[in-house]
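Visitor: Here's a sequence, model it:
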Amino acid sequence: MVLTALRGAFPGCAAVESATHLVASETADAVARTLLAEALRDGSLNRFAPYMDLVRRGVLLNVDFCARNATHGGIQHLVRELTPRWVRTHNVQLAVWTANFETMRAPEQCERDRVLLLPEDGGNTTPSDRNDDAVDHLRIVVPWGVPVVLPDVPSAEAADVLAAMGQYSPNDLVIVGYDLTPVIDADTRPAAETEGMVRWLRAVKHARLVAAISDSAKAEFTGFAEMMAAQGLSGPEVVSVIIAETPVSRRQYPKNEGRPVVVIPGRREPHKNQRIALHAAEVLWRRGLDFEVRMIGGPGWTPGTVEGAITRLQTEGWPLTVLGWVDDDTQWDEFAHADIAVFASLHEGYGLSVTECLAFGVPTITTAYGSQAEIAAEGGCVVVDPRDDSAIVEALSTLLTDTGRRDALRAEALARNHRTWSEYADELWAAVMRLGTSS
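Guide: Residues are numbered from 1 along each chain as shown. Here you go, the predicted model:
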């Protein structure tokens, strides 16, 4: 607490350890002189915050990325469905990071609007608007003895101060665990993302709780937590709090009477495996099957062979449309009018695109392991080995030519017991409250 007040920033692990050694070996006056001298030397007093708001009750919820950006991927969907529900029903204070991830502050009104308005209430439309210089160091937010919940995009830059918070403060870190893909499947992700995840794990190992979004994600984080015994640490408790199946009401549309429409959702990245889906489509086009493919989602970190295949297939005149990033209404309309979806990713923490397609009764070809298999177990899916080209070709061929099979899967999809976002929010809150800290 003293270090935060003196520096206007949360201390990292080394700063806390150094101060602890100083307190154990010096008089109070000597400690004060040394800490003030260090603050003067490193320029901390130049960023001194005139106000420090202590959060000593309830829960501090850091929603930094979603508050600052209008991006609307899977993580952002969760944050924007969770936050309004918690704020309406519980004692929750929102926070974002200050510049350089040194400490936290309360969000501005435009930032609050990005996370507090549900989509049906007109939320998520405010453009990104960083304004750190005007607000960063006027009033900082400091949690003390409360759960600090991190549901947003992991911030590797904050890993050290969060690790110190988890290890040395009376706060309990709670992390929503999406997946460890950048570490487990590093060859499918950019090197910078893998490096960032490795840094973020420093905070994870000092968390009290990881609330994994699927049983598959739980297995990944449990494996990491168990390795902490080699460092003499207990690691976090890891639980599954399964996220909601769909963020939208199921609007019913008649399916196409003409040629079938196959939708391929997701950002175009290696681990999403769209190249194999396009291969299957090409094989079946060349066999003479008549159907249309529509891809939803923008390019990922490496164009690779996916973009090359798209260009070639379109040049050759095959019925392939690439929509790129679209707004929610457009995406839901695409899913609602699709006859088949292909989402056979190599690795997913959950696979929200699968459940979104199923919510509209779209039979979906997906992966036979991990979180996608968990989703498929409730019906509406054909599962395949995503590395087996012929398996995907035959699965797609069956759904394109066997309308009875399609209709049966469509009925299964619409009969699924869809989890709601309210259920997810309630279960996550219950998990946080079991930590035994104040509510």
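Visitor: Would you mind listing the buried residues in the host helix or strand of V322?
Guide: Per DSSP states H and E: V322 is located in strand 320-324. Residues of strand 320-324 classed as buried by neighbour count (16 or more other C-beta atoms under 10 Å): L320, V322. All C-beta atoms are positioned from the backbone trio N, CA, C, and that covers glycine.
Visitor: Pairing partners for that strand, with directions?
Guide: Strand partners for strand 320-324, identified by DSSP bridges, are recorded as strand 292-296 (parallel).
Visitor: tell me the mean pLDDT over the strand it pairs with?
Guide: Mean per-residue pLDDT for strand 292-296: 96.
Visitor: orientation of the next helix or strand after it relative to strand 292-296 in degrees?
Guide: The element immediately downstream of strand 292-296 (helix or strand, assigned by DSSP H and E) is helix 304-315. Interaxial angle of helix 304-315 relative to strand 292-296 (axes from the mean of the first three to the mean of the last three C-alpha atoms, to 10 degrees): 140 degrees.
Visitor: by contact count, what packs against helix 304-315?
Guide: The helices and strands touching helix 304-315, judged by 3 or more C-beta pairs under 8 Å, 6 or more residues apart in numbering; DSSP states H and E, are helix 274-286, strand 320-324.
Visitor: export the helix or strand just after the shortest one as PDB, just CAs?
Guide: It stands for strand 320-324. For strand 320-324, the following helix or strand on the C-terminal side (DSSP H and E) is helix 328-337. Written as PDB, here are the backbone C-alpha positions of helix 328-337 (Å, rounded to 0.1, in the frame of the first residue of the first chain):
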ATOM      1  CA  ASP A 328     -23.700  -8.800 -35.100                       C
ATOM      2  CA  ASP A 329     -26.900  -8.500 -37.100                       C
ATOM      3  CA  THR A 330     -25.200  -9.400 -40.300                       C
ATOM      4  CA  GLN A 331     -23.500 -12.400 -38.700                       C
ATOM      5  CA  TRP A 332     -26.700 -13.700 -37.200                       C
ATOM      6  CA  ASP A 333     -28.500 -13.300 -40.500                       C
ATOM      7  CA  GLU A 334     -25.700 -15.300 -42.200                       C
ATOM      8  CA  PHE A 335     -26.000 -18.100 -39.600                       C
ATOM      9  CA  ALA A 336     -29.800 -18.100 -39.800                       C
ATOM     10  CA  HIS A 337     -29.800 -18.600 -43.600                       C
END
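Visitor: Show me which residues of helix 328-337 are buried.
Guide: Q331, W332, E334, F335, A336, H337.
Visitor: so how far is P143 from the first one?
Guide: If you measure Q331 against P143 using C-beta to C-beta, to the nearest Å, the figure is 36 Å.
Visitor: would CSV of the helices and strands packed on helix 304-315 with distance to R387 and mean pLDDT be doable?
Guide: CSV is the format used below for the helices and strands packed on helix 304-315 (distance: least, C-beta to C-beta, whole Å; pLDDT from 0 to 100):
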stretch, distance to R387, mean pLDDT
helix 274-286, 8, 96
strand 320-324, 23, 94
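Visitor: now K272, nearest residue through space, not along the chain?
Guide: G266 (4.5 Å; C-beta to C-beta, 6 or more residues apart in numbering).
Visitor: tally of neighbours for that neighbour?
Guide: G266: 25 surrounding residues under other C-beta atoms under 10 Å.
Visitor: right, and the helices and strands packed on helix 304-315 - which one's nearest C66?
Guide: Among those, the nearest to C66 by C-beta to C-beta is strand 320-324 (21.4 Å).
Visitor: Centre of the chain to that closest one, how far?
Guide: 24 Å (C-alpha atoms, centre = their mean, to the nearest Å).
Visitor: L54 reaches V142, doesn't it?
Guide: Yes. Shown here, L54 and V142 form a contact pair, counting by C-beta atoms under 8 Å, at 5.5 Å.
Visitor: Comparing the two, which residue is more hemmed in?
Guide: The residue with more neighbours, out of L54 and V142, is V142; 21 against 12, by other C-beta under 10 Å.
Visitor: my read is the more buried one is in a strand, agree?
Guide: Yes. Under DSSP: H, G, I helix; E, B strand; the rest coil, V142 sits within a strand.
Visitor: Give me the phi and psi angles of V96.
Guide: Dihedral pair for V96: phi -130, psi 170, per degrees, to the nearest 10.
Visitor: For beta bridges, what are the partners of it?
Guide: Beta-bridge partners, per DSSP bridges, of V96: R105.
Visitor: what's near enough to touch it?
Guide: Counting by C-beta atoms under 8 Å, 6 or more residues apart in numbering, V96 makes contact with N62, V63, D64, A67, R68, M104, R105, A106, P107, E111.
Visitor: Can I get these in a markdown table including pLDDT?
Guide: Below are the contacts of V96 laid out as a markdown table (pLDDT from 0 to 100):
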| residue | pLDDT |
| --- | --- |
| N62 | 97 |
| V63 | 96 |
| D64 | 95 |
| A67 | 93 |
| R68 | 89 |
| M104 | 94 |
| R105 | 93 |
| A106 | 93 |
| P107 | 93 |
| E111 | 92 |
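Visitor: quick check, nearest of those residues to V31?
Guide: Looking across those and measuring by C-beta to C-beta, the closest to V31 is M104, at 26.0 Å.
Visitor: so what's that closest one up against?
Guide: F10, L60, N62, A95, V96, W97, T98, I140, V141, V142, P143.
Visitor: What separation is there between the nearest residue to D53 once chain neighbours are set aside and M433?
Guide: Excluding its sequence neighbours, the residue lying closest to D53 (C-beta to C-beta, 6+ apart) is V141, at 5.2 Å. Per C-beta to C-beta, V141 is found 21 Å from M433.
Visitor: So which of those two has more stuff around it?
Guide: Neighbours were counted for V141 and for M433 using other C-beta under 10 Å; V141 has more, 22 against 14.
Visitor: picking that back up, what is the orientation angle of the strand holding V322 with helix 328-337?
Guide: Using the same axes, to 10 degrees: strand 320-324 against helix 328-337 is 150 degrees.
Visitor: Return strand 320-324 as CSV; C-alpha atoms alone will do.
Guide: Extracted C-alpha coordinates of strand 320-324, given in CSV (Å, rounded to 0.1, in the frame of the first residue of the first chain):
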residue,chain,number,x,y,z
LEU,A,320,-17.0,-18.5,-52.6
THR,A,321,-17.8,-15.2,-50.8
VAL,A,322,-15.6,-13.8,-48.1
LEU,A,323,-17.5,-11.3,-46.0
GLY,A,324,-14.7,-10.4,-43.6
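Visitor: so where's this protein shaky on pLDDT?
Guide: Residues of the chain meeting the criterion pLDDT under 70: 43-50, 118-137, 246-257, 303, 436-439.
Visitor: In it, which helix is the longest?
Guide: When the chain is parsed with DSSP state H, its longest helix is helix 74-89.
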